[in-house]
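Q: Turn this into a model:
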Amino acid sequence: MSKIYLSVSQANDLIQKIKFDVDRLFELNEQLQFLDNTKIEFDNDSMENFLLEVELNKNFHEKNLEMYTLLGFLIRQGCVMRDLEKMEIDFYSRHAGKEILLCWRPNEEQVLFWHSLDEDVSKRKSIKQLNEEAIENLKKLM
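A: The predicted structure follows:
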């Protein structure tokens, strides 16, 4: 699958469409971490205990399947999933002939930041900077 490049406007439109799925992905990730870190020891080898263990494992794997299905869906939409715990999501874009990443977190209403491909997310820059550069480039053409 090739990269999907989105403008800031397209990324913001996509955010509105995937917000529910991203929230569900965050929930599933938290639930799976909890289930994975929960160890249950039984006092006896009763059939009820065996069934409980089977149900717990089934629940864990169903949540895993749902999480990876959602991940695949989001990636096919153009999302670059960076961190499932912090839920940092990037979108490929282009600016001034270069590939960049538009950054979004679910607690943000829209794309507010960007960074170049070779930069860490900690080097995020304001999206306003891209707009200002575009205006300057247009002025140069006039």
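Q: Give the residue spans of this structure that score low on pLDDT.
A: 130-142 (pLDDT under 70).
Q: All the strands of it, residue numbers only.
A: 79-83, 88-95, 98-104, 113-116, 125-126 (DSSP state E).
Q: As CSV, those strands with mean neighbour count would be great.
A: C-beta here means a position set from N, CA and C on the backbone, and glycine is covered the same way. Shown next, in CSV, are those (neighbours: other Cβ atoms under 10 Å):
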stretch, mean neighbour count
strand 79-83, 16
strand 88-95, 20
strand 98-104, 20
strand 113-116, 18
strand 125-126, 12
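Q: Compare these and give me the one nearest I4.
A: strand 88-95 (6.3 Å; Cβ to Cβ).
Q: what's the spacing between the closest one and its chain's center?
A: 11 Å (Cα atoms, centre = their mean, to the nearest Å).
Q: what's the angle from it to strand 98-104?
A: 150 degrees (axes from the mean of the first three to the mean of the last three Cα atoms, to 10 degrees).
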